[in-house]
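In: Predicted model, plus sequence, below.
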Amino acid sequence: MKIIPLTQTPDSTLLISIKPEILKTNEWIQEELNYEQIDSVINLNQNRLSSNGLPEPKAWTKQLVTGIAEVLIGERPIFQLMRWVSFDVYLEIDKNIKQRDNKSKQRIRPLIRSVHIDQTSENVVEAIAVIQKGKRGRGMGIRLEAEEDRWRCTELLVA
C-alpha cells in the first residue's frame, strides 16, 4: 500500500498530492484522474449574499430564529447571540430564558415551520416565523437592520 502525501497550506487547508504512479488502473478503477491545482478560491457564501452585500434575509432569519428559540428553551448559551442582536433584545431574551430540565434525556429541538419576510427597505427586514417544539407551536416576529456587512435583530416579539 502506498502512502499519499498530504501538505498543509498556511490557512490550514490540506492538499492531497497524488502522483501518477500511485494511480493504477484496473477493472474497478476508471482512467487516471487529473488533479490540478486551481488558482481561484471558491467562496461558498457568495450564493447567500444579496445584491447589497448582506446575507440573504430568509436564510439568515431562519438561522437567527432557530438560535433565539434554542436560547429561550435553555439549549444554547445566550452569549452566542451577542453579535447578532441589539443590547435591548439581548436583555429581553435574557429575562425570558427557561432553565433547561436536565432530567429529560431526549432533547427536542425547535423546528422552523415557516418564515415570511418583508424587506421594507434595502437595510430593513421584518420577518415572522412559526416555530414548533414538540407539539407546541409559537410565533416569533423580528426586525433586522443592516449593520456593516451583517443583519442585526433590533426588535423581537415571541408569542
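Out: Thanks, I have the structure now.
In: Now the longest helix seen in the chain: buried residues?
Out: Longest helix of the chain, by residue count under DSSP state H: helix 57-72. Across helix 57-72, burial judged by 16 or more other Cβ atoms under 10 Å covers 57-58, 60-62, 64-72. Glycine gets a C-beta too; all of them are placed from N, C-alpha and C.
In: With stretch 142-152 instead?
Out: Taking 16+ other Cβ under 10 Å as the criterion, stretch 142-152 shows 142, 143, 144, 146, 151, 152 as buried.
In: Can you list which of those are found in helices?
Out: Among these, no member falls in helices (DSSP H).
In: which of the residues you listed sit farthest apart?
Out: Of all pairs drawn from those, the greatest distance, 13.9 Å, lies between 142 and 146 (Cβ to Cβ).
In: and the angle for the one helix or strand residue 137 maps to with helix 57-72?
Out: Using DSSP states H and E, residue 137 sits in strand 136-147. Taking axes from the mean of the first three to the mean of the last three Cα atoms, to 10 degrees, one finds strand 136-147 and helix 57-72 inclined to each other by 120 degrees.
In: Strand 136-147 pairs with which strands, parallel or anti?
Out: strand 124-133 (antiparallel), strand 150-158 (antiparallel) (DSSP bridges).
In: ok, and what's touching that strand?
Out: 52, 54, 57, 60-61, 64-65, 68-69, 113, 122-132, 151-159 (Cβ atoms under 8 Å, 6 or more residues apart in numbering).
In: Just the buried residues of those residues.
Out: Buried, going by 16+ other Cβ under 10 Å: 54, 57, 60-61, 64-65, 68-69, 125-129, 131, 151-154, 156, 158, out of the contacts of strand 136-147.
In: Where does the prediction get shaky in this protein?
Out: 1-51, 100-106 (pLDDT under 70).
In: quick one on the thing from earlier: want to throw the strands paired with strand 136-147 into TSV with distance to residue 95?
Out: Formatted as TSV, these follow (distance: least, Cβ to Cβ, whole Å):
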stretch	distance to residue 95
strand 124-133	19
strand 150-158	11
